[in-house]
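Visitor: Sequence plus predicted model, see below.
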Amino acid sequence: MSALSSLPNLVPDEGELYYRSGLFGAATADEYYQRLYRSLAWRQEQLFIYGRWLKVPRLMAWYGDPAARYRYSGVEHLPLPWTADLQAIRGDVEMFCAHGFNSVLANLYRDGQDSMGCHADDEKELGQNPLIASLSFGDSRLLRFRHRKTGRTLDIELRHGDLLVMAGELQHHWRHELPKTRKSKQPRINLTFRRIFT
Ligand SMILES: O=C(O)CCC(=O)C(=O)O
Ligand SMILES: [Fe+2]
């Protein structure tokens with residue numbers, strides 16, 4: 001495996017964004033996809049937004065060290081204990097990034113109608129300039145970055161086994177979203193490894 005530091009930064013001067021295609025080869029990625037799909041404790045969360053409870057358009061599961069609590073939109077997320085697969089994947093990603101993580105948010109997009117709205121991962125529990133490592137398994141989906149000031153967009157197609165790393169001041173300059181698509185899509189699993197300060 002090469003290292004994060006050998007990859008080009010896709011957004012110089014505006015934080016750090018690194019893309020490593022196929023961190024996991026197809027056979028390994030297939031194995032993980034199947035097992036994560038079957039074994040993670042997928043739930044559809046509800047969020048209280050603008051005075052209404054809305055179903056989040058994807059399934060989620062939160063794993064991590066017991067102290068790694070995470071709160072957003074008024075919901076406290078208590079982590080489930082690490083599974084063997086998530087521990088193994090975390091080890092590989094930590095090695096590649098030379099960075100430690102104490103939690104992972106898993107997202108399951110069941111089809112092209114599942115999505116994630118535009119946001120920045122800038123909760124205070126993540127610290128000032130978080131390093132977030134995002135792995136993709138299953139069908140490919142487009143991740144779109146939007147520059148906060150200029151509105152410029154940057155699209156990255158995330159495929160089976162790919163790694164994307166957001167770091168430095170990225171969250172201060174850019175937001176990101178996973179738009180719905182009318183293309184017919186099979187499920188996609190995304191794992192975002194994070195370090196929560198407690
Ligand atoms: O599914 C993705 O690739 C994006 C996930 C994401 O932005 C997040 O979990 O904060
Ligand atoms: Fe995010």
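Guide: Thanks, I have it. Ligands and ions are numbered 1, 2, ... in the order given.
Visitor: How many neighbouring residues does the residue in the chain that ligand 1 sits nearest to have?
Guide: As assessed by CB to the nearest ligand atom, ligand 1 sits closest to Asn190 within the chain, at 3.5 Å. The C-beta positions use only the backbone N, C-alpha and C, and glycine is treated the same way. Neighbourhood size, Asn190 [other CB atoms under 10 Å]: 22.
Visitor: is it in a bridge, and if so with what?
Guide: Following DSSP bridges, Asn190 is listed with bridge partners Asn107, Ser136.
Visitor: residue contacts, it?
Guide: Asn190 is in contact with 106-109, 134-137, 158, 178, counting by CB atoms under 8 Å, 6 or more residues apart in numbering.
Visitor: Please convert the buried members of these into PyMOL selection syntax.
Guide: Those of those that count as buried under 16 or more other CB atoms under 10 Å are selected in PyMOL with:
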select buried, resi 106+107+108+109+134+135+136+137+158+178
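Visitor: could you dump the contacts of Asn190 to JSON lines with pLDDT and distance to Ala29?
Guide: Shown next, in JSON lines, are those (pLDDT from 0 to 100; distance: CB to CB, whole Å):
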{"residue": "Ala106", "pLDDT": "96", "distance to Ala29": "15"}
{"residue": "Asn107", "pLDDT": "97", "distance to Ala29": "16"}
{"residue": "Leu108", "pLDDT": "98", "distance to Ala29": "15"}
{"residue": "Tyr109", "pLDDT": "98", "distance to Ala29": "16"}
{"residue": "Ser134", "pLDDT": "98", "distance to Ala29": "14"}
{"residue": "Leu135", "pLDDT": "98", "distance to Ala29": "9"}
{"residue": "Ser136", "pLDDT": "98", "distance to Ala29": "9"}
{"residue": "Phe137", "pLDDT": "98", "distance to Ala29": "6"}
{"residue": "Leu158", "pLDDT": "98", "distance to Ala29": "12"}
{"residue": "Leu178", "pLDDT": "98", "distance to Ala29": "19"}
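Visitor: Can you narrow the contacts of Asn190 down to the ones near ligand 1?
Guide: The overlap between the contacts of Asn190 and the neighbours of ligand 1 (CB under 6 Å from any ligand atom) comes to 107, 134, 158, 178.
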